[in-house]
Each structure stands twice: as C-alpha cells, then as structure tokens.
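Engineer: Generate coordinates for the sequence data below:
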Amino acid sequence: MQGSTRSHQAGSRQTLIQALVAIMAAGASYAWAMNITPAPVSRHVSAPEAMLVRALLDISDSKFSSAFDHIDSLITANPNFRLAQLVKGDLLLSRTRPIKSIGNASGGSAEQVAGLRDEARARLVRSQIAPSPELAPRYLLQLPESQKLALVLDSTKSTLFVFENTGKIPRYVADYYVTIGKNGMEKLREGDKKTPVGVYRVVSRLPKDKLTDFYGSGAYPISYPNEWDLMRGRDGHGIWLHGTPRDTYSRPPRASDGCIVLTNQDLETLAARLQIGSTPIVIADSIDWAKPAEVESIRSELASAIEDWRHDWESRNTDAYLRHYARKFTSNGLNITQWSAQKYQVNSAKSWIRIKVSDMSLLLYPGKEEMAVATFDQDYASSNLSHRMMKRQYWIRENSKWRIVFEGAA
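Structural biologist: Numbers count the residues shown, from 1 in each chain. Reported below is the predicted structural model:
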C-alpha cells in the first residue's frame with residue numbers, strides 16, 4: 001500500500017512536470033518565433049519574479065522540495081501573489097492525486113486560471129531574454145540632455161524596458177513585467193480595451209490618495225491620443241501607467257482596459273525616476289532592435305532633413321521650404337494647399353527670418369509605416385515678429401525622402 005502511494009505521488013508529480021514543461025515549451029516556441037535570444041548581460045529582475053521563475057525551473061527539474069521552499073518564501077513575503085499561490089496549490093495537490101495541468105488546485109474560474117497560466121508563460125519567456133549591449137531599440141534616435149530616461153514597451157514579451165540617456169546610444173537600466181489591454185494592442189476606439197501603439201510621454205502624476213485601491217500605489221497618465229492618433233480618427237482616453245490593488249501582486253499579461261499595469265513595487269521604483277511631462281514612452285507590438293550604426297544612420301538622415309527645412313525657411317525661399325511637406329500634411333485644420341497659401345503670404349511680408357532649433361528629441365514611430373516624431377524648442381525671429389515655442393513634427397518617408405505630415409505646438 002505504501003509503495004502504491006509513493007507510485008501515485010510520483011505519477012502526480014510527473015504529470016505536474018509535464019504540465020509545466022508544456023507551458024515552458026510554449027514559452028520557448030514563442031521566444032523562438034519572436035527571435036528572443038538570451039544575452040550575456042545582467043538584468044534588473046525583481047526578487048519575487050526571480051523566486052517564482054526559480055521555483056518553476058525547479059519543478060521542471062523534479063526538484064520539488066526546493067521548488068516548494070522558494071514558493072513558500074515567496075508567498076510569505078507576498079501573500080497576494082496569485083500565480084505563486086496557484087503553483088503552491090498544485091505542488092500540494094500533486095502529493096495526493098494526479099493533476100492534469102497547471103492550476104488544477106485552483107478554485108478560480110477557467111478564465112482566471114488561463115490568465116495565470118499565461119502569466120507563468122510570460123514570466124518564463126522574460127527569464128530567457130535580456131537586451132544585448134550591442135543593440136538598442138531603433139526608435140530612440142536622439143534624446144535631449146534634459147530627458148534622463150526613455151521607456152519602451154514590448155507587448156509580445158509583457159515587458160517595459162527602461163533606458164538611460166547617455167548622450168549617445170541609450171543604456172539599458174531595467175525591465176518590468178507589465179499587463180496590457182484585454183483585447184491586445186492598437187487602440188482605435190473608446191472602450192475597445194486595447195493598449196495604443198505609438199510614441200507618447202508621461203504627462204502627469206495621480207497620487208494614490210486621489211485614487212481608488214484599484215490603481216494601487218498611483219497612476220501616471222500618458223499622452224494618448226497624440227496628434228497622429230487624432231489625425232487617424234482614434235479616440236478614447238485615460239491610458240495610464242498604474243499599479244495593482246492591495247489583494248493583487250500582479251495581473252495576467254492581458255487583463256487591463258487598455259492601461260499599462262505594473263506591480264506596485266516596480267511602479268514605485270520606476271516612478272522615482274520619471275520626469276512628468278517629459279519622459280517618453282514608445283509602445284510597440286514587438287521591439288525592433290538595431291545596431292548603433294543603423295540607428296545613427298537613420299538619426300543623421302532625419303536630422304539633416306530637419307536642418308534643410310530650417311535653412312530653407314530661414315532663407316525665405318518658400319518654394320524650397322514647402323518641398324519639405326508631405327501631400328497629406330495637416331496642421332490646425334489646414335491642408336497642404338491652405339498651409340502653402342498662408343506661408344507665401346506670411347513670408348512675403350518679411351525682410352529676414354532667423355530660426356534656432358535646440359533640445360531636440362527624435363523618436364522613430366513603431367509600426368509598419370516609416371515615421372518619426374521630432375520635438376524641439378524653436379526660437380523664431382523675423383523683421384516683424386519674434387517668439388519661442390516647443391514644436392512637434394511628424395515626419396514620414398514620401399518618395400524616399402523625409403517630409404513633414406504634421407506640425408504644431410507641443
């Protein structure tokens with residue numbers, strides 16, 4: 001009878017291993033499909049996530065005692081970590097009866113268990129990746145000295161990467177597990193429960209004492225919809241970086257109404273370095289990594305196009321100046337024809353123009369269409385008017401040349 005019990009327990013645990021290996025295999029296949037490869041650099045990984053991954057790997061290696069110790073310590077420190085509770089339940093259940101998959105011991109709904117399985121897969125995939133020191137997101141072309149950080153979200157890896165502005169190629173600082181919208185990416189409409197794709201910035205801070213417990217340790221609204229979103233007819237609002245309720249350590253990879261959700265611990269760490277109104281966040285389906293030479297080539301070409309635009313405006317050669325604008329250009333309700341007529345009239349009334357551009361940010365837009373966002377301080381002086389402003393331009397490739405498709409005050 002005793003031998004039968006031991007055999008039964010061994011079979012239960014073997015089933016648990018198979019269930020976890022299936023999740024890991026799916027994660028590995030996912031990693032392969034997304035071209036994820038481990039890189040030999042150190043990563044910032046929170047202690048709870050590291051302990052969870054260690055426990056899952058221990059289970060896959062049949063090290064059940066070690067796995068249980070890791071999970072028990074993790075839950076003692078973070079009793080609201082639902083995925084850890086799920087794994088502990090399976091470890092306990094495997095001692096008494098066969099289990100068919102991860103989450104057999106859960107009393108939650110099928111949807112809840114599926115979400116936690118997805119989180120296990122996402123965290124295992126994250127454990128296999130690290131940014132290569134020889135690559136950078138191709139979106140971060142140029143950051144002004146005043147911007148200390150840039151954030152880049154990779155939705156396929158449930159990861160928010162943090163990069164420090166070094167004046168040259170941005171330096172990887174940390175990355176965090178995140179939750180995105182229930183219905184994935186590419187927000188189009190109010191209430192579609194999707195997370196937007198694009199270039200945004202952190203615009204404000206909402207402290208926890210002004211919010212319900214649902215948002216955890218605070219919230220940081222981002223600038224959705226931006227100018228490009230509005231041009232494309234996209235609507236909706238209230239896309240925030242925020243935390244989790246007290247009873248929830250983290251949420252499944254797709255569980256928000258479109259916001260980007262971090263653990264409270266990670267949000268507080270990140271928040272200490274955010275610059276309200278300044279820190280950019282690039283939200284992508286999957287990060288396009290590139291070598292520094294490629295990033296510099298794109299940056300140099302775009303910077304040259306902006307300098308040519310500045311020079312031609314300053315020269316009062318309105319024909320040359322207008323050649324920098326795309327056929328689909330718009331600004332404050334004016335199309336390219338109306339804009340051109342206005343510029344001919346304004347420039348003809350001036351005997352000289354001087355344009356100074358400084359503190360420039362150049363960010364490549366994620367997605368299929370090649371587009372970039374330029375934000376800079378513009379100091380304009382002419383024979384009859386002077387003013388300073390922060391300007392934002394969206395540049396697209398049209399007939400192989402960079403041209404402006406939108407321009408306005410930032």
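Engineer: Domain-wise, how is this structure divided?
Structural biologist: 2-127, 136-286, 292-409 (automatic domain parsing).
Engineer: I'd like these written out as TSV, with mean pLDDT added.
Structural biologist: Below are those laid out as TSV (pLDDT from 0 to 100):
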stretch	mean pLDDT
domain 2-127	74
domain 136-286	96
domain 292-409	96
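Engineer: Generate a markdown table for these, with mean neighbour count as supplementary columns.
Structural biologist: In this view, the C-beta of every residue, glycine as well, is placed from N, C-alpha and C. Listed next are the domains of the chain as a markdown table, based on neighbours: other CB atoms under 10 Å:
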| stretch | mean neighbour count |
| --- | --- |
| domain 2-127 | 17 |
| domain 136-286 | 19 |
| domain 292-409 | 16 |
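Engineer: do you know how far Asn335 is from Glu227?
Structural biologist: Taking CB to CB, to the nearest Å as the measure, Asn335 falls 15 Å from Glu227.
Engineer: Can you tell me what sits against stretch 249-259?
Structural biologist: 48, 78, 80-84, 115-116, 118-119, 122, 158, 177, 179-184, 187, 192-196, 236, 238-242, 244, 261, 263 (CB atoms under 8 Å, 6 or more residues apart in numbering).
Engineer: Do you have the strands of the stretch 51-200 of the chain handy? List them.
Structural biologist: 136-137, 140-142, 149-154, 159-164, 171-177, 180-181, 198-201 (DSSP state E, counting those that start in this stretch).
Engineer: Packing partners of the first one?
Structural biologist: So that's strand 136-137. Here strand 136-137 touches strand 159-164, strand 289-290, going by 3 or more CB pairs under 8 Å, 6 or more residues apart in numbering; DSSP states H and E.
Engineer: what separates the first one from the chain centre, distance-wise?
Structural biologist: Spelled out, it's strand 159-164. Remark: strand 159-164 is offset 8 Å from the chain centroid, using CA atoms, centre = their mean, to the nearest Å.
Engineer: Tell me the helices and strands packed up against that strand.
Structural biologist: Packed next to strand 159-164, using 3+ CB pairs under 8 Å, 6+ apart, are strand 136-137, strand 149-154, strand 171-177.
Engineer: Swap in 7 Å and give it another go.
Structural biologist: Secondary-structure packing of strand 159-164 (3 or more CB pairs under 7 Å, 6 or more residues apart in numbering; DSSP states H and E): strand 149-154, strand 171-177.
Engineer: again, but for the last one
Structural biologist: Packed against strand 289-290, as judged by 3+ CB pairs under 7 Å, 6+ apart, are the following elements: strand 136-137.
Engineer: ok, what's across the strand from the nearest residue to Ile306 once chain neighbours are set aside?
Structural biologist: Leaving aside its chain neighbours, Ile306 sits nearest to Ala374 (6.0 Å; criterion: CB to CB, 6 or more residues apart in numbering). Ala374 forms beta bridges with Leu362, Gln393, as assigned by DSSP bridges.
Engineer: Pull the contacting residues for Ala374.
Structural biologist: By CB atoms under 7 Å, 6 or more residues apart in numbering, the contact set of Ala374 is Ile306, Met360, Leu362, Gln393, Trp395.
Engineer: Of those residues, just say which sits nearest to Ile276.
Structural biologist: Met360 (20.3 Å; CB to CB).
Engineer: Where does that closest one sit: helix, strand or coil?
Structural biologist: Using DSSP: H, G, I helix; E, B strand; the rest coil, the secondary structure recorded for Met360 is strand.
Engineer: So it sits against Gln378, correct?
Structural biologist: No. Checked against CB atoms under 7 Å, the pair Met360 and Gln378 is beyond contact range at 10.0 Å.
Engineer: Tell me where this protein has helices.
Structural biologist: Secondary structure of the chain (DSSP state H): helices located at 2-33, 47-60, 64-77, 82-93, 110-127, 227-231, 264-271, 292-314, 318-322, 336-348.
Engineer: could you dump the strands of the stretch 51-200 of the chain to a markdown table with distance to Leu92?
Structural biologist: As requested, those are exported to a markdown table (distance: least, CB to CB, whole Å):
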| stretch | distance to Leu92 |
| --- | --- |
| strand 136-137 | 43 |
| strand 140-142 | 46 |
| strand 149-154 | 35 |
| strand 159-164 | 31 |
| strand 171-177 | 25 |
| strand 180-181 | 32 |
| strand 198-201 | 44 |
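Engineer: list the contacts for Leu52?
Structural biologist: Leu74, Leu83, Ala84, Arg123.
Engineer: The residue most central in space within the chain: what's it in contact with?
Structural biologist: Centroid-nearest residue in the chain: Leu153, 1.5 Å away (criterion: CA atoms, centre = their mean). Taking CB under 7 Å, 6+ apart, we find Leu153 in contact with Leu160, Val178, Ile260, Ile281, Ile283, Ala284.
Engineer: Skipping its backbone neighbours, what lies nearest the last one in space?
Structural biologist: Read it as Ala284. Distance criterion CB to CB, 6+ apart; nearest residue to Ala284, sequence neighbours excluded, is Pro366 at 3.7 Å.
Engineer: Angles on the backbone of that neighbour, please.
Structural biologist: phi -70, psi 150 (degrees, to the nearest 10).
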